[in-house]
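**Student:** next comes the sequence, and after it the predicted model I'd like to discuss.
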Amino acid sequence: EPEVTQTPSHQVTQMGQEVILRCVPISNHLYFYWYRQILGQKVEFLVSFYNNEISEKSEIFDDQFSVERPDGSNFTLKIRSTKLEDSAMYFCASQQGRQETQYFGPGTRLLVL
Amino acid sequence: KNEVEQSPQNLTAQEGEFITINCSYSVGISALHWLQQHPGGGIVSLFMLSSGKKKHGRLIATINIQEKHSSLHITASHPRDSAVYICAVVSYNTDKLIFGTGTRLQVFP
């Protein structure tokens, strides 16, 4: 069965460093999302992406964050200058069409020291 | 105030018991999702509902749009059902999910 994959599974970085989290959505899906979950808290929406552009973003998704779909298969989340509070599990999700089931990747656990 | 509230926050059951987890929301929605999060963190979609009731194996999900309430039922619970169950809604004119805080279920043999 097709699945969403994410790499790396874990990443440790120093504060101020740039990180790129990678996702490969399911191949015929058109809608893509990034969510994050700080340890012990609920999952929060970061950004949605459709037709090669951001369709919606949350207040969390400030100028330090960016997303790209560089080659038609990967979907990346970049954090330009990481802060301690960026430490969280980051989930990618994809969806074939509007109002359909979202399929989640296994997550990338990011730790900023 | 959270837009999506779940109860209870924690639930302990003996194997074989019937489980109910509740979700209330305060926004207009186009759909509601029930998700399962395993101890390792992975999230699996169980149901997507916009009306009525859905059943998959031992799991049943219902939604009452007028009352802005949904329930997830597990019949004949099993230790492998132990996980966090999350309710998430899709509000009108958006595709993003708004998540509840989750219900941690532990089923003991």
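**Tutor:** That came through, no problem. Numbering: from 1, shown residues only, chains lettered A, B, ... in the order given.

**Student:** next one: phi and psi at the residue positioned nearest the centre of chain A?
**Tutor:** The central residue of chain A, meaning the one whose C-alpha is nearest the mean C-alpha position (C-alpha atoms, centre = their mean), is residue A:34 at 3.3 Å. Backbone torsions of residue A:34, given as degrees, to the nearest 10, read phi -120, psi 140.

**Student:** the residue nearest to it when sequence neighbours are not counted and residue B:49: what is the separation?
**Tutor:** With C-beta to C-beta, 6 or more residues apart in numbering or on different chains as the measure, residue A:46 is the residue that lies nearest to residue A:34, at 4.3 Å, once sequence neighbours are left out. For every residue, glycine as well, the C-beta is placed using N, CA and C. From residue A:46 over to residue B:49 the distance is 24 Å, taken as C-beta to C-beta, to the nearest Å.

**Student:** and these two? which has more neighbours close in?
**Tutor:** Each of residue A:46 and residue B:49 had its neighbours counted (other C-beta atoms under 10 Å in any protein chain shown), and the higher figure belongs to residue A:46 (22 against 18).

**Student:** got the CA coordinates for stretch B:77-90 in CSV?
**Tutor:** These are the backbone C-alpha positions of stretch B:77-90, laid out as CSV (Å, rounded to 0.1, in the frame of the first residue of the first chain):
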residue,chain,number,x,y,z
SER,B,77,-11.3,-3.7,23.4
HIS,B,78,-7.9,-5.4,23.2
PRO,B,79,-4.5,-4.4,24.6
ARG,B,80,-3.3,-3.6,21.0
ASP,B,81,-5.9,-0.8,20.9
SER,B,82,-3.8,1.0,23.5
ALA,B,83,-2.8,4.3,21.8
VAL,B,84,-3.8,8.0,21.8
TYR,B,85,-7.0,8.7,19.8
ILE,B,86,-7.2,12.1,18.3
CYS,B,87,-10.3,14.0,17.0
ALA,B,88,-9.5,16.6,14.3
VAL,B,89,-11.9,18.8,12.3
VAL,B,90,-11.7,20.5,8.9
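
**Student:** that stretch vs chain A: in contact?
**Tutor:** Yes. For a cut-off given as C-beta under 8 Å from any C-beta of the partner chain, stretch B:77-90 has contacts with chain A, namely B:86, B:88, B:90.

**Student:** among those residues, which are located in strands?
**Tutor:** Taking DSSP state E as the definition of strands, those contribute B:86, B:88, B:90.

**Student:** my guess is the first one contacts residue B:37. True?
**Tutor:** It stands for residue B:86. Yes. Shown here, residue B:86 and residue B:37 form a contact pair, counting by C-beta atoms under 8 Å, at 5.9 Å.

**Student:** which residues are common contacts for those two?
**Tutor:** Common neighbours of residue B:86 and residue B:37, using C-beta atoms under 8 Å, 6 or more residues apart in numbering or on different chains, are B:43, B:102.

**Student:** right, I'll call it a day here.
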